[in-house]
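Peer 1: Only the shape, not the letters, is given here:
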């Protein structure tokens, strides 16, 4: 509610910005009950072109401010909905704020779910992100009844429609560990890791390399494992750098080379990988030759 004593008597005639600067409302979050209705005809904002309306309202930058303004007079009660209705980016920001309880708004996952569903159309710039969040809501029962099948379907759509690597990786992990009541399926997990890896998801590259190395969910192949470990390592995955070094040291999928192994171990060690530091200590006679100054890193 609003502290009416802090408002000027002719507040209904004041410009929005003037009203905002004079308010002494409590900064605590507000529930959404003030603007649950749909946009109605007759609003003060109906006469404004959507672009102008969005630019005016976007200047507030905080959905909580708009929620407070929605209490000022009855014709503004749909202010928050109006602000998001004509702009996808605003609708996305509002959905996330409602889902997480940020930007001055109390959590309202049910309303967030409805907004996300509107953004999940293939033509939307936020389709993949919206589908991922819809999947999470369904899998965890946040804002909607828990529905594992629907959650898997949303993730699958995110990949099939938007080629979203994050969705593919999430599916892989879900099948690998049997999360959310899904039956463990290492073959399915491996297939989704590959799809995510092919879309440059770095963690998926390392996970798929491990599948190749262990023969988990597919035929074992040291050569394929090394290929994907190298890709992940070159993309910055630290433990994959160790795995490449290990492959050279043990001649797995590549001719044996302690020198090459030391170079890869060093790349991981400088980023703090303890296994690589131990490997360099074990190969310290060679490491001192191929990596001058390695002793300082290892403290020997």
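Peer 2: Done, it's in. In this text, all values refer to a predicted model and were calculated from it rather than measured experimentally.
Peer 1: going forward, measure contacts and count neighbours with C-alpha atoms only.
Peer 2: OK.
Peer 1: From residue 159, how far out is residue 195?
Peer 2: Noted for residue 195: a distance of 9 Å to residue 159, by C-alpha to C-alpha, to the nearest Å.
Peer 1: joint contacts of these two?
Peer 2: Each of 165, 168 lies in contact with both residue 195 and residue 159 under the rule C-alpha atoms under 8 Å, 6 or more residues apart in numbering.
Peer 1: Helix or strand: which one has residue 249?
Peer 2: Assigned by DSSP states H and E, residue 249 belongs to helix 238-250.
Peer 1: Buried residues, that helix. List them.
Peer 2: 238, 239, 240, 241, 242, 243, 244, 245, 246, 247, 248, 249 (16 or more other C-alpha atoms under 10 Å).
Peer 1: Equivalent analysis for stretch 194-202, please.
Peer 2: Quick answer for stretch 194-202 (16+ other C-alpha under 10 Å): 194, 195, 196, 197, 199, 200, 201, 202.
Peer 1: could you dump these to CSV with pLDDT?
Peer 2: Shown next, in CSV, are the buried residues of stretch 194-202 (pLDDT from 0 to 100):
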residue, pLDDT
194, 98
195, 98
196, 98
197, 98
199, 97
200, 97
201, 98
202, 98
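Peer 1: Count the neighbours of the residue nearest to residue 195 when sequence neighbours are not counted for me.
Peer 2: Nearest residue to residue 195 in three dimensions, chain neighbours excluded: residue 168, at 6.5 Å (C-alpha to C-alpha, 6 or more residues apart in numbering). Neighbour count of residue 168, defined by other C-alpha atoms under 10 Å: 28.
Peer 1: Could I get the contacting residues of residue 168?
Peer 2: Each residue near residue 168 by C-alpha under 8 Å, 6+ apart is listed here: 155, 156, 159, 192, 193, 195, 196.
Peer 1: One more: residue 173?
Peer 2: Contacts of residue 173 (C-alpha under 8 Å, 6+ apart): 179, 189.
Peer 1: what's the helix or strand for it?
Peer 2: helix 165-177.
Peer 1: Quick one: mean pLDDT over that helix.
Peer 2: Throughout helix 165-177, pLDDT has a mean value of 98.
Peer 1: What's the first helix or strand after that helix?
Peer 2: Using DSSP H and E, the helix or strand that follows helix 165-177 in sequence is helix 186-198.
Peer 1: which residues of the stretch 51-200 of the chain score low on pLDDT?
Peer 2: By pLDDT under 70, the low-scoring segments of the stretch 51-200 of the chain are 51-86.
Peer 1: re earlier: let's have the buried residues of helix 238-250 in a markdown table, adding distance to residue 211 and pLDDT.
Peer 2: A markdown table is the format used below for those (distance: C-alpha to C-alpha, whole Å; pLDDT from 0 to 100):
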| residue | distance to residue 211 | pLDDT |
| --- | --- | --- |
| 238 | 18 | 98 |
| 239 | 15 | 97 |
| 240 | 13 | 98 |
| 241 | 16 | 98 |
| 242 | 16 | 98 |
| 243 | 13 | 98 |
| 244 | 15 | 98 |
| 245 | 18 | 98 |
| 246 | 16 | 98 |
| 247 | 15 | 98 |
| 248 | 19 | 98 |
| 249 | 20 | 97 |
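Peer 1: got those residues as TSV, with distance to residue 287 columns?
Peer 2: TSV is the format used below for the buried residues of helix 238-250 (distance: C-alpha to C-alpha, whole Å):
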residue	distance to residue 287
238	19
239	19
240	19
241	16
242	14
243	17
244	16
245	12
246	14
247	16
248	14
249	12
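Peer 1: right, and out of the residues you listed, which lies closest to residue 103?
Peer 2: Closest approach between the buried residues of helix 238-250 and residue 103, by C-alpha to C-alpha: residue 238, at 35.6 Å.
Peer 1: residue contacts, that closest one?
Peer 2: Counting by C-alpha under 8 Å, 6+ apart, residue 238 touches 268, 271, 273.
Peer 1: Got the phi and psi for the last one?
Peer 2: Spelled out, it's residue 273. phi -70, psi 120 (degrees, to the nearest 10).
Peer 1: tally of neighbours for it?
Peer 2: Other residues close to residue 273 by other C-alpha under 10 Å number 17.
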